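K.L.:
A structural model of the following input is requested.
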Amino acid sequence: ENRAVLMNLLEPLGFTFTEAENGKKGIEKAKEQSPHLIITDLAMPVMDGFEMLKKLRNDEALKWLRVIVSSASVSEIDRQISLEAGGDDFLSKPVNAEELFDLLAKHLRIKWLYESSELNISDQERSTVEMVAPPRSDLQILLELAEDGLLRTLTDKAKEIGEKDEQYQPFVKEIMQLAKQFQTEKIEALIQKYLTNL
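P.N.:
Residues are numbered from 1 along each chain as shown. You can find the predicted model right below:
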């Protein structure tokens, strides 16, 4: 599931990646393909993330690779152990798009360029436009898509909702603007706000 979320977030941005179901396969693929970065889980069959990190760091050809360790554990001890084992950084699960993009920028030395807003209304005007939320069933679908990092599908669904009824347009435009900027947490918070008020 974590790999699917990463794929859904990174593929539309032009990243190429290879998946490995365990640490042993991960090392084999790293030797074959020389990736710029590895994102690994700690709990894997055959060879876990700790053993994989140890092997990577002891291999002359691979020890330079940047490795981000991803885990559902958010304890400071697990983070520290991951870094001491050879990880360059830590990405908590479920994957947060903003955190992922920050780590990619840091370790791949890339700078994100964001599209400017296509909305013709200013921030001040936007706050005065009353947003009418779509029905609960549509909000639930949008929330699940945001939580899974399926921003392209979320944008398509939002457009579909906006076409159903013009009163949803300000809400849809806000969701689409946040999706363009990969602001999944803000999308989730906005949807949650409307779900609790319905």
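K.L.:
low pLDDT regions in the chain?
P.N.:
1, 74, 114-129, 198 (pLDDT under 70).
K.L.:
Got the domain ranges for it?
P.N.:
With domains defined by automatic domain parsing, the chain comprises 2-108, 123-197.
K.L.:
got JSON lines for those domains, with mean neighbour count too?
P.N.:
In short, each C-beta sits where N, CA and C put it, glycine included. Below are the domains of the chain laid out as JSON lines (neighbours: other C-beta atoms under 10 Å):
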{"stretch": "domain 2-108", "mean neighbour count": "16"}
{"stretch": "domain 123-197", "mean neighbour count": "17"}
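K.L.:
State the three-state secondary structure for Leu62.
P.N.:
When classified by DSSP: H, G, I helix; E, B strand; the rest coil, Leu62 comes out as coil.
K.L.:
who touches it in this structure?
P.N.:
27, 30-31, 56 (C-beta atoms under 8 Å, 6 or more residues apart in numbering).
K.L.:
Next up, phi/psi of it, please.
P.N.:
As for Leu62, its main-chain torsions (degrees, to the nearest 10) stand at phi -120, psi -10.
K.L.:
ok, it to Leu56 distance?
P.N.:
5 Å (C-beta to C-beta, to the nearest Å).
K.L.:
Return every residue with contacts to both of the two.
P.N.:
Shared contacts of Leu62 and Leu56, counting by C-beta under 8 Å, 6+ apart, come down to 27, 30.
K.L.:
quick one: contacts for the residue nearest the centre of the chain?
P.N.:
What sits nearest the mean C-alpha location of the chain, by C-alpha atoms, centre = their mean, is Ala97, with 2.8 Å. When contacts are counted by C-beta under 8 Å, 6+ apart, Ala97 touches 9, 149, 151, 182-185.
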